[in-house]
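> Take a look and give me a structure for this.
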Amino acid sequence: MSVAGPGAGPVRFALVGTGYRAGMFLRLAARLPEHLRVTGVLTRHPGAAGEVTRRFGPPVVGDAVALLATPPEFVVTTAPPAVGATLVPELVAAGAAVLAETPPGADVPALRRLWEEVGASGRVQVAEQYPLNPGNAARLEVVRRGLIGAVSDAQVSSTQLHHAVALIRAFTGLGAEPLRVSAVTRTAPLANPVDRRGWTGDTAAHPTASTVAVLDAGDGRGGLYDFTETQTRNPLRTRRLVVRGSSGEIVDDRVVRLVDERTVVESSIVRRQTGVHQDVQGFALDHLSLDGDVLHRNPFPGERLSDEEIAVASLLVRTAAWARAEGPAPYPLAAAAQDQLVAAAITESAATGRAVTTTREAWAAELDGGADHPRP
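Presented below is the predicted three-dimensional model:
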């Protein structure tokens, strides 16, 4: 049975683009044919068309009309924001449900134009997968269970700009409140032996920028953004996350909390991985637990997927449930627009050396109450 839902069959999605991000979606569908199926790929690059068909099989088309005729339940766009600004409204006008690439707009004016064109349609979700990463999903479950009390602060040092903002908002419950953003950037020589293609063999230290930003909602809630260029892939740079609650906190996989008037308990989020030692089930994530209680279970048991692949595949399944009117919106355009709005403030503050305060935008009403945050 597909994880898309009883009797629903595999998720059927079409794809725009043939670049790096599109390759992940194509590879996932090839590895999970019971769960995911690419109905067609839109590209205007003849060389890429033959390669996609040869390696992955779906038909390659040259326009949106032909793509929607394949037919998909929704369309995933992996085009750059400048292209998506035209493409997403075109697809929505044709009646398609869309899962747009992050960020949905290159800058704040582009976000406003996109919202004005398609915001009221309710037909656009955005491919923000980081809250669905198994580790983050487990930490979010700790927060939802109230184990560390009311969360006031999240510190994220793992990924860049809009992705990090998405995590800060998910952990703190921030919606569209104006944020005062103060950021600084400095450059230092750092080695980066890995890029998207894999190991480079480059051991030299290159000038690398690090940005730290404080986000302040003015009501006791906020966050700390800390990102170094290449940190996402660079094995020399760790990933760190702190979530501070009124009666405890999460530090990476460690949870400390107050359980009565005089007892502080420390625990760890434990990852159970099959395929270790004499386990012959295959190397795959089983679940993550805290003190024997499961926080997050792999929705693709037995499949040898990385955490990133689990998050992306989960996002596709949730998008299909939303498109079928069988589940909530996985990450609405309003949420992604807010993430990029704050990201733009971080960039502006770092560039000017002045604090920047975000404004309430046209999509703010969609976010009031924190209803945009995904529920792993």
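> Show me which helix runs longest in the chain.
Ordering each helix of the chain by length in residues (DSSP state H) puts helix 333-352 first.
> CA-only coordinates of that one, as CSV, when you get a sec.
Extracted in CSV, the C-alpha atoms of helix 333-352 (Å, rounded to 0.1, in the frame of the first residue of the first chain):
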residue,chain,number,x,y,z
LEU,A,333,2.8,29.9,0.0
ALA,A,334,2.1,32.4,2.9
ALA,A,335,4.5,30.5,5.1
ALA,A,336,7.3,30.4,2.6
ALA,A,337,6.8,34.1,1.7
GLN,A,338,7.2,35.0,5.4
ASP,A,339,10.3,32.9,5.6
GLN,A,340,11.8,34.7,2.7
LEU,A,341,10.7,38.1,4.0
VAL,A,342,12.7,37.5,7.2
ALA,A,343,15.6,36.1,5.2
ALA,A,344,15.7,39.3,3.2
ALA,A,345,15.8,41.3,6.4
ILE,A,346,18.8,39.2,7.6
THR,A,347,20.6,39.9,4.3
GLU,A,348,19.8,43.6,4.4
SER,A,349,20.8,44.1,8.0
ALA,A,350,24.1,42.2,7.4
ALA,A,351,24.8,44.4,4.3
THR,A,352,24.0,47.7,6.0
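> for stretch 19-30, which positions count as buried?
Going by neighbour count (16 or more other Cβ atoms under 10 Å), the buried part of stretch 19-30 is 21, 22, 23, 24, 25, 26, 28, 29. In this view, the C-beta of every residue, glycine as well, is placed from N, C-alpha and C.
> Let me know whether the second one touches residue 79 as I believe.
Spelled out, it's residue 22. No. The pair residue 22 / residue 79 is not scored as a contact, 9.1 Å apart, by Cβ atoms under 8 Å.
> what is in contact with those two at once?
Common neighbours of residue 22 and residue 79, using Cβ atoms under 8 Å, 6 or more residues apart in numbering, are residue 16.
> and which of the buried residues of stretch 19-30 is nearest residue 144?
Residue 144 lies nearest to residue 28 out of these, by Cβ to Cβ, at 27.1 Å.
> quick one: what helix or strand has that closest one in it?
For residue 28, the enclosing helix or strand under DSSP states H and E is helix 20-31.
> now the helices for the stretch 151-300 of the chain?
Taking DSSP state H, counting those that start in this stretch as the test, the helices found in the stretch 151-300 of the chain are 161-172.
> if we can go back for a sec, packing partners for the longest helix of the chain?
Contact analysis of helix 333-352 by 3 or more Cβ pairs under 8 Å, 6 or more residues apart in numbering; DSSP states H and E lists helix 108-118, strand 124-126, helix 161-172, strand 180-191, strand 205-216, strand 356-357, helix 364-367 as its packing neighbours.
> Out of the ones you listed, indicate the one that is most buried.
strand 124-126 (a mean of 28; mean count of other Cβ atoms under 10 Å).
> Same question for the following helix or strand past it: list its buried residues.
Downstream of strand 124-126, the next assigned helix or strand under DSSP H and E is helix 134-144. Going by neighbour count (16+ other Cβ under 10 Å), the buried part of helix 134-144 is 134, 135, 136, 137, 138, 139, 140, 141, 142, 143.
> Now do the same contact list for the fifth one.
Contacts for residue 138 (Cβ under 8 Å, 6+ apart) come out as 269, 288, 290, 295, 296.
> For the third one, list each beta-bridge partner.
On DSSP bridges, the residues paired with residue 290 through beta bridges are residue 269, residue 293.
> Now for it: which residues touch it?
Residue 290 neighbours (Cβ under 8 Å, 6+ apart): 138, 142, 147, 255, 267, 268, 269, 270.
> so how far is residue 254 from the fifth one?
This means residue 267. Residue 267 is 8 Å from residue 254, where distance means Cβ to Cβ, to the nearest Å.
> Looking at those two now, which is surrounded by more residues?
Neighbours were counted for residue 267 and for residue 254 using other Cβ atoms under 10 Å; residue 267 has more, 18 against 12.
> Point out where this protein drops to low pLDDT.
Within the chain, the stretches with pLDDT under 70 are 1-8, 49, 369-376.
> domains of it?
Domain assignment for the chain, taken from automatic domain parsing, gives 11-127, 132-305.
> right, so the ones you listed: which one is the most enclosed?
domain 11-127 (a mean of 19).
> So what's the residue count around residue 339?
Residues lying near residue 339 (other Cβ under 10 Å) number 28.
> Is it correct that it is in contact with residue 168?
No. With contact defined as Cβ under 8 Å, residue 339 does not reach residue 168; the gap is 9.1 Å.
> Touching, residue 16 and residue 74? I think so.
No. Contact criterion Cβ under 8 Å: residue 16 and residue 74 do not qualify, at 11.4 Å.
> that older thread, for the domains of the chain, which one sits closest to residue 365?
The closest of the domains of the chain to residue 365 is domain 132-305. By Cβ to Cβ, the value is 7.9 Å.
> Phi and psi next, for the residue lying closest to residue 29 once chain neighbours are set aside.
What sits nearest to residue 29 in space, not counting adjacent residues and going by Cβ to Cβ, 6 or more residues apart in numbering, is residue 36, at 4.2 Å. As for residue 36, its main-chain torsions (degrees, to the nearest 10) stand at phi -130, psi 140.
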